[in-house]
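[1] Using only what follows, build the 3D model:
(2 chains)
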Amino acid sequence: MTEPVVSFNRVTKRFKDLPAIDALSFDVRPGEFLTLLGPSGCGKTTILRLIAGLEAPDSGEIRIDGRRVDNMPPNRRDVNTVFQSYALFPHMSVFQNVAFGLKMKRVPPDALDQRVRATLQMVQLEGLAERRIHQLSGGQQQRVAVARAIVNRPRVLLLDEPFSALDARLRKQMQLEMKRLHRRLGITFIFVTHDQNEAISMSDRIAVMDHGRIEQVGTPQQIYEEPENLFVARFVGEINVFDGEVLQVADGALEGRVEGVVLKLPGRRGLKPGDRVKVLLRPEDLVVTKEAEGCDQPHLKGRVEELIYKGTTVDLIIRLGDGKPVFATEFFNEDAASISYQPDEPVCISWVHGWEVILPDEG
Amino acid sequence: MKDRSLFKTAVIALVSLWIVALVCLPNLLVVAASFLERDEFRFVRPALTLDNYRQVFDPVFFAIFMRSFGFAAATTALALAAGYPFATLLARSRFRRTLLVLVVIPFWTSSLVRTYALIGLLKAKGIVNSLLLATGLVREPLSLLYTDGAVLLGLVYTLLPFMILPLYAAIEKLDPQLSEAGYDLGASRWQVLWHVTLPVTLPGIVAGSILVFLPALGIFYVPDLLGGAKSMLLGNLIKNQFLTARHWPFGSAVSVFLTLLMGLLLWGYYASLKRFNPDLAGTPR
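    Below you'll find the model as predicted:
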């Protein structure tokens, strides 16, 4: 177990008595790409500001490389930030912006020049060194902001929704480049976003946050496939939530009633007969078949309400007998007959046993 | 549509007439007078001469110029030193609206009257001396009035709002994240002030300095009232030439010289704005 590069121990920060983050504890591993994912106002930016030293915690301990930094001013921390608005210095050229941190550290001119040029090359801005900030496009400004931070080779790079001002295509491209930079530099990245796709495609680990608390920490796969609670399940991707009740518990498996149908379910510790549960299934895990063609067991029954053609997939909205809508995503299969349903056509919904996630009903 | 263009024409005509009659013509008269000779009875004699301008560069008057410049520069420096921290507090305060009104309220009283109030504060038996005597800090009244210090105080006091308001506008627009970025990149408070805050608010600093420096050269009643007879600055010089010495051509020449000088300073300001403003207009989203 290596020592964490950043560690929070029961850190609380209040703004006007409202806790922005509440007794929060977590560790960041050296060299990892950790994403703080959550809706706006969940406290994720506050965490970045606490690490950068732009805010001081009300209570708790923050450590960077094992050293307590609660009251260390930002300019003495080996941490740099890429701000959401970039916060580039408007009176300086691209070169001067990137050189700022090195100048403050009194790096000799030769070394400074070389490091700034190398960093500009790394973010593909080598030809724009003498430009003024207002002469750059949004994407170029973003690269300057990144270059200005990484030129200092910090222990930790903090990124506060850095792509939120970019259009979708540029965003994709920057995500890839950021991933590449992370691999190349070996710096620990802490990335804040409210975009789950961005989080899943870029991170080594994701911390899903809500109301100043971390709801779950895990790899993108864990977060997506094994959500620990309904908030995480609903926040990350589309998901169907079925109501159920435990009927029997027997050697690691359950028998339960889901939307009125008795089914075998995978076991989960701590459940006993009579408990209300939620059964979660991703739309792409559902298999839809026409009732007329015979159904697999187990299955739920419903009628097709809407069919949305998406190119590589077809999205179905199916209304169950009790009125609950279900979302299913079907992939085209070259060998099978085309997916064509009539409106109101009766269908069965089934899935591979064990792919469902069982959560206790939180009320 | 037609009525509208008629209205527009009428308004423009009125304003143009106003400017020609009350700004251009008087200034032209001053320029014309500066090239004429003095006349005891009719103020000017219609005979062309450059003597008045030669007199402007006479060592005696040149000394007054230098003194005026010194006073104006000192006033500007003091107003900037007092105004910048104040404007910063103002821009960051929760009560900024109230504070802003407090800055503007003195304008409601004639500055001449407020200068008399300063006399009340500073004179031998004035409020300041009474307080100092009562607390036993001094044995006999200090001579505060009719000193260079009193003139400087009066100038700074009168002109300080002209420094604060442009500074406030510039500092209020300043993105606080720029300072945060400075700290984040390892700069200390002073380094952030020097390398980030001051350069980004430079247009405000220059605008405020011009608004203080130029009037400081021309205001005549402050040195008149607070400096006494000895304190001669450019403003008094011009006033005296017109009202006391009755030498209109020389007064005009000094006026023209001062106007040209101010024009030069303003030109310098716009040139510097041209260099800085496009950068500041392009602050990132």
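
[2] switch to C-alpha atoms for all contacts and neighbour counts from now on
    Noted.

[3] With just CA atoms, put the helix or strand harbouring residue B:52 into CSV.
    Residue B:52 is part of helix B:51-56, with elements assigned from DSSP states H and E. Provided in CSV are the C-alpha atoms of helix B:51-56 (Å, rounded to 0.1, in the frame of the first residue of the first chain):
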residue,chain,number,x,y,z
ASP,B,51,5.9,87.7,-27.0
ASN,B,52,3.4,86.1,-24.8
TYR,B,53,4.7,82.6,-25.6
ARG,B,54,8.3,83.8,-25.1
GLN,B,55,7.1,85.0,-21.7
VAL,B,56,5.7,81.5,-20.9
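
[4] Report all helices and strands that it contacts.
    With contacts defined as 3 or more C-alpha pairs under 8 Å, 6 or more residues apart in numbering or on different chains; DSSP states H and E, helix B:51-56 has these neighbours: helix B:248-281.

[5] quick one: contacts for the residue nearest the centre of chain A?
    Residue closest to the mean C-alpha point of chain A, counted by C-alpha atoms, centre = their mean, is residue A:199 at 3.2 Å. Applying C-alpha atoms under 8 Å, 6 or more residues apart in numbering or on different chains to residue A:199 gives the contacts A:35, A:37, A:193, A:206, A:220.

[6] from memory the third one sits against residue A:34, does it?
    No. Using C-alpha atoms under 8 Å, residue A:193 makes no contact with residue A:34, being 10.8 Å away.

[7] Would you check how far apart the residue in chain B positioned nearest to chain A and residue B:193 are?
    Ranked by C-alpha to the nearest C-alpha, the top residue of chain B for proximity to chain A is residue B:186, at 3.8 Å. Distance from residue B:186 to residue B:193, counting by C-alpha to C-alpha, to the nearest Å: 13 Å.

[8] Toward the C-terminus from the helix or strand where residue A:305 lies, list the very next helix or strand.
    Using DSSP H and E, the element containing residue A:305 is strand A:300-309. Later in the chain than strand A:300-309, the nearest helix or strand by DSSP H and E is strand A:313-320.

[9] Show me the contact partners of that following strand.
    Contacts of strand A:313-320 (C-alpha under 8 Å, 6+ apart): A:300-309, A:325-332, A:339.

[10] Now find how far off-centre the helix holding residue B:52 is within its chain.
    In terms of C-alpha atoms, centre = their mean, to the nearest Å, the centre of helix B:51-56 is set 26 Å apart from its chain centre.

[11] Toward the C-terminus from that helix, list the very next helix or strand.
    With DSSP H and E, the next secondary element past helix B:51-56 is helix B:59-92.

[12] pLDDT averaged over that following helix - what is it?
    Mean pLDDT, helix B:59-92: 92.

[13] just checking, what packs against that helix?
    helix B:96-104, helix B:148-173, helix B:202-218, helix B:234-243.

[14] which residues sit in contact with the residue in chain A positioned nearest to chain B?
    The nearest approach of chain A to chain B comes at residue A:75, 3.8 Å away (C-alpha to the nearest C-alpha). Residues near residue A:75 by C-alpha under 8 Å, 6+ apart: B:183, B:184, B:185, B:186, B:187, B:188.

[15] could you measure residue A:259 against residue A:278, distance?
    For residue A:259, the distance to residue A:278 equals 10 Å [C-alpha to C-alpha].

[16] With mean pLDDT added, can I get the helices and strands packed on helix B:59-92 in a markdown table?
    Below are the helices and strands packed on helix B:59-92 laid out as a markdown table (pLDDT from 0 to 100):
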| stretch | mean pLDDT |
| --- | --- |
| helix B:96-104 | 89 |
| helix B:148-173 | 92 |
| helix B:202-218 | 90 |
| helix B:234-243 | 86 |
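
[17] looking at those, which is closest to residue B:257?
    With C-alpha to C-alpha, the closest approach to residue B:257 among the helices and strands packed on helix B:59-92 belongs to helix B:234-243: 10.6 Å.

[18] So which elements touch that closest one?
    Using 3+ C-alpha pairs under 8 Å, 6+ apart, the elements in contact with helix B:234-243 are helix B:59-92, helix B:202-218, helix B:221-227, helix B:248-281.

[19] count of neighbours near residue A:118?
    16 (other C-alpha atoms under 10 Å in any protein chain shown).

[20] On the C-terminal side of the helix or strand harbouring it, identify the next helix or strand.
    If you go by DSSP H and E, residue A:118 is part of helix A:109-122. Next helix or strand after helix A:109-122 toward the C-terminus (DSSP H and E): helix A:138-150.

[21] what's near enough to touch the closest residue to residue A:328 other than its chain neighbours?
    Among residues not flanking residue A:328 along the chain, residue A:283 sits closest, at 4.1 Å (C-alpha to C-alpha, 6 or more residues apart in numbering or on different chains). Taking C-alpha under 8 Å, 6+ apart as the criterion, residue A:283 is in contact with A:238, A:239, A:240, A:327, A:328, A:329.
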